[in-house]
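J.: Return atomic coordinates for the entry below.
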Amino acid sequence: MEEELLDQLVSGFGILVTWVAAGAMVFGGVVPYVPQYRHIRRSQNAEGFSTYVCLVLLVANILRILFRFGRYFETVLLWQSIVMICTMLVMLNLCTNVRMASELSTKRRSFIVTDGKDEEIRVPKRLFLDFEWNYFWLWSRFMDYMQCVLAFTLVAAYMTYLLLDSTLFVETLGFLAVFTEAMLGTPQLYCNYQNKSTEGMSVKMVLMWTSGDTFKTVYFLLTQAPVQFWTCGLLQVLVDFAILFQVYYYSRYPQKPAPHTVSHTTSAKAL
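T.: Numbers count the residues shown, from 1 in each chain. Alright, predicted model coming up:
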């Protein structure tokens, strides 16, 4: 009787641990963006967040979902991708609204009024259909981002449908999905290198990314996820540690910042 009770307790504890781990996998990647979202809402300033990070995560998770049609992996990872896509769309919507308001106010401050009358302030539209590479992923409307994401999804889905029987294509698709996500920290790494400083970057944010990526990689190894997942997970951890090394190096050996810093190249890890 006591042995049966003990077995039930152990089994219940195992189920609880499994659910907690699954919840951490699904929502853990979203947590670092919560303070970033609140900061942008409070300050009405999105310069510290790069929308290119949203682009990287959207591409990576869309490809990961398509990869599942060719090679099955855990449903938890599928939900993780869905939640991350929704999160990035919410971040894009906020950043677009905030930046549009900022651009309009800047135009008003710099606009020269003639004859004492206010003239309509015209902001050049940056539309996906214009396809100007200088303005790629820097559009003025959230709908343009949605059009781009939808177009990419449809093209990628159609190619997957045609080549689903090709093992080489499926494995390449999985590798591209996790490799793209693994490169998430490289914009911040490059930005710090350009600026010769980590000023304006939240160290706590990087530590959260490092701990989350480490947990995710260990989870991939323990659950025997496809090799692409844990290989690129290790790469992502290495990038995080490289950023932490920059924090140490530039704080110990301050250097002159590089001129003409472009604000939108700052990563999501900056607050």
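
J.: What ranges in the stretch 101-250 of the chain fall below the confidence cut-off?
T.: Along the stretch 101-250 of the chain, segments meeting pLDDT under 70 span 103-132, 199-202.

J.: how does it look with 90?
T.: 101-142, 144, 167, 171-172, 174-237, 239-240, 243-244, 246-250 (pLDDT under 90).

J.: those helices in it, which residues are they?
T.: 142-162, 167-182, 186-195, 203-222, 227-252 (DSSP state H, counting those that start in this stretch).

J.: Turn those into TSV, including distance to Val34 and mean neighbour count.
T.: Where C-beta positions appear, they are placed from N, C-alpha and C, glycine not excepted. Formatted as TSV, the helices of the stretch 101-250 of the chain follow (distance: least, CB to CB, whole Å; neighbours: other CB atoms under 10 Å):
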stretch	distance to Val34	mean neighbour count
helix 142-162	20	14
helix 167-182	19	19
helix 186-195	18	19
helix 203-222	10	18
helix 227-252	19	18
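
J.: give me the element Val26 is part of.
T.: Using DSSP states H and E, Val26 maps to helix 2-27.

J.: Now do that helix, average pLDDT.
T.: If you average the pLDDT over helix 2-27, you get 73.

J.: ok and it relative to helix 203-222, angle-wise?
T.: 130 degrees (axes from the mean of the first three to the mean of the last three CA atoms, to 10 degrees).

J.: Begin at 27 from now on, thanks
T.: Sure, I'll start counting at 27 from here, so that last one is helix 28-53.

J.: I'd like to know which elements helix 28-53 is packed against.
T.: helix 101-136, helix 229-248 (3 or more CB pairs under 8 Å, 6 or more residues apart in numbering; DSSP states H and E).

J.: What's the first helix or strand after that helix?
T.: helix 59-69.

J.: C-terminal to that following helix, which secondary structure element comes first?
T.: From helix 59-69, the next helix or strand downstream (DSSP H and E) is helix 77-96.

J.: In that following helix, which residues are buried?
T.: Neighbour counts using 16 or more other CB atoms under 10 Å place 77-94, 96 of helix 77-96 among the buried residues.

J.: And for stretch 47-60?
T.: If you call a residue buried by 16+ other CB under 10 Å, then stretch 47-60 has these buried ones: 47-48, 50-52, 54-56, 58-59.

J.: which outside residues touch that stretch?
T.: Contacting residues not belonging to stretch 47-60 are listed as 102-103, 105-106, 109-110, 113, 117, 231, 234-235, 238, 241-242, 245, 294-295 [CB atoms under 8 Å, 6 or more residues apart in numbering].

J.: want to throw the helices and strands packed on helix 28-53 into a markdown table with distance to Arg278?
T.: Below are the helices and strands packed on helix 28-53 laid out as a markdown table (distance: least, CB to CB, whole Å):
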| stretch | distance to Arg278 |
| --- | --- |
| helix 101-136 | 33 |
| helix 229-248 | 14 |
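
J.: and of these, who's closest to Ala183?
T.: Smallest distance to Ala183 across the helices and strands packed on helix 28-53 (CB to CB): 13.9 Å, for helix 101-136.

J.: do you know which of the helices of the stretch 127-276 of the chain lies nearest Tyr161?
T.: helix 168-188 (9.6 Å).

J.: That closest one vs helix 193-208, what angle?
T.: Using the same axes, to 10 degrees: helix 168-188 against helix 193-208 is 150 degrees.

J.: Report all helices and strands that helix 168-188 contacts.
T.: Against helix 168-188 (3+ CB pairs under 8 Å, 6+ apart) you get helix 77-96, helix 101-136.

J.: Can you spell out which helices and strands pack onto the first one?
T.: Think helix 77-96. Using 3+ CB pairs under 8 Å, 6+ apart, helix 77-96 sits against helix 101-136, helix 168-188, helix 193-208.

J.: residues of the longest one that come out buried?
T.: Translated: helix 101-136. Quick answer for helix 101-136 (16+ other CB under 10 Å): 102-104, 106-107, 109-111, 113-115, 117-118, 120-126.
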